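*Asks:* Quick one, structure for this:
(chains A and B)
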Amino acid sequence: ETGVTQTPRHLVMGMTNKKSLKCEQHLGHNAMYWYKQSAKKPLELMFVYSLEERVENNSVPSRFSPECPNSSHLFLHLHTLQPEDSALYLCASSQDRAAGNTIYFGEGSWLTVV
Amino acid sequence: AQKVTQAQTEISVVEKEDVTLDCVYETRDTTYYLFWYKQPPSGELVFLIRRNSFDEQNEISGRYSWNFQKSTSSFNFTITASQVVDSAVYFCALRVYNFNKFYFGSGTKLNVKP
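*Replies:* Residues are numbered from 1 along each chain as shown, chains lettered A, B, ... in the order given. Have a look, this model is predicted:
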């Protein structure tokens, strides 16, 4: 049983749809992350939240909108996506942002944009 | 600049064979952390091990062992007596003290055939 759970596991959406990915961590961590994993590309860090405050946004297009209502939950709101946004989106958490802390990942949400 | 290289894109072995996955890293920081993650087809990145730069002791955990050598900037991972369930993509990652980013290698896909 993973300490980081993501829903939905699979999502197919049209380019004009609005959907959200949800992440919940049960580890009591203070930092949460969104990563994107595309085919044949390294993992890309998208957003970092620390104690519910966004501390990093790696030049992610505005069609991706994160939300962190509390330290246990993280959302990624999606709207007017492009087919090239199809990827595996991984949520992760760590005790805090210190480099020595292990980051624990969820199972990911497979997103297909049609 | 930080970088992680996993030169082996894909490896195929027969069950019960030993296999070593290579990882070479680059950093000028003296304090850093190295990680290995396993990603089965389901998508979740499963944490396997974390090592800090001041601890060069090799580690063994069941059939898994890790060889950390600062002299060659390598952190190799060996699976002894491989099993079909070991089939996955394995990622090596680096995190340096002064930055919060994970630097992931491109991954090595391991196929263990019965």
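*Asks:* all strands for chain B, in order.
*Replies:* B:3-5, B:10-14, B:19-21, B:24-26, B:32-39, B:46-52, B:59-61, B:64-69, B:74-79, B:88-96, B:103-104, B:108-113 (DSSP state E).
*Asks:* give me the element the residue of chain A most remote from its centre is part of.
*Replies:* Here chain A reaches farthest from its C-alpha mean at A:Gly100, the gap being 21.0 Å by Cα atoms, centre = their mean. Using DSSP states H and E, A:Gly100 is not contained in any helix or strand.
*Asks:* Show me the beta-bridge partners of the one residue sitting closest to the centre of chain A.
*Replies:* Closest residue to the average C-alpha location of chain A: A:Trp34 at 2.9 Å, with Cα atoms, centre = their mean. Bridge pairing for A:Trp34 (DSSP bridges) gives the partners A:Phe47, A:Cys91.
*Asks:* What is the least confident helix or strand in chain A?
*Replies:* strand A:53-57 (a mean of 80; mean pLDDT, DSSP states H and E).
*Asks:* should've said chain B
*Replies:* strand B:59-61 (a mean of 89).
*Asks:* Sheet partners, orientation included, of that one?
*Replies:* strand B:64-69 (antiparallel).
*Asks:* tilt between the partner strand and strand B:32-39?
*Replies:* If you take axes from the mean of the first three to the mean of the last three Cα atoms, to 10 degrees, strand B:64-69 sits at 150 degrees to strand B:32-39.
*Asks:* list the buried ones in strand B:64-69?
*Replies:* When burial is assessed from 16 or more other Cβ atoms under 10 Å in any protein chain shown, strand B:64-69 yields the following buried residues: B:Tyr64, B:Ser65, B:Trp66, B:Asn67, B:Phe68. C-beta here means a position set from N, CA and C on the backbone, and glycine is covered the same way.
*Asks:* could you give the mean pLDDT of it?
*Replies:* Averaged across strand B:64-69, the pLDDT comes to 95.
*Asks:* How about stretch A:13-29?
*Replies:* 95.
*Asks:* picking up where we left off before, and the helix or strand following the least confident helix or strand of chain A, what other elements does it pack with?
*Replies:* As assigned by DSSP H and E, the chain's next helix or strand after strand A:53-57 is strand A:64-70. Contacts defined by 3 or more Cβ pairs under 8 Å, 6 or more residues apart in numbering or on different chains; DSSP states H and E place strand A:64-70 against strand A:44-50, strand A:53-57, strand A:73-79.
*Asks:* can you do 7 Å?
*Replies:* strand A:44-50, strand A:73-79 (3 or more Cβ pairs under 7 Å, 6 or more residues apart in numbering or on different chains; DSSP states H and E).
*Asks:* and B:Asp18, which of those strands is closest to it?
*Replies:* strand A:44-50 (33.1 Å; Cβ to Cβ).
*Asks:* How about that closest one, which residues are buried there?
*Replies:* So for strand A:44-50, counting by 16+ other Cβ under 10 Å, buried means A:Glu44, A:Leu45, A:Met46, A:Phe47, A:Val48, A:Tyr49, A:Ser50.
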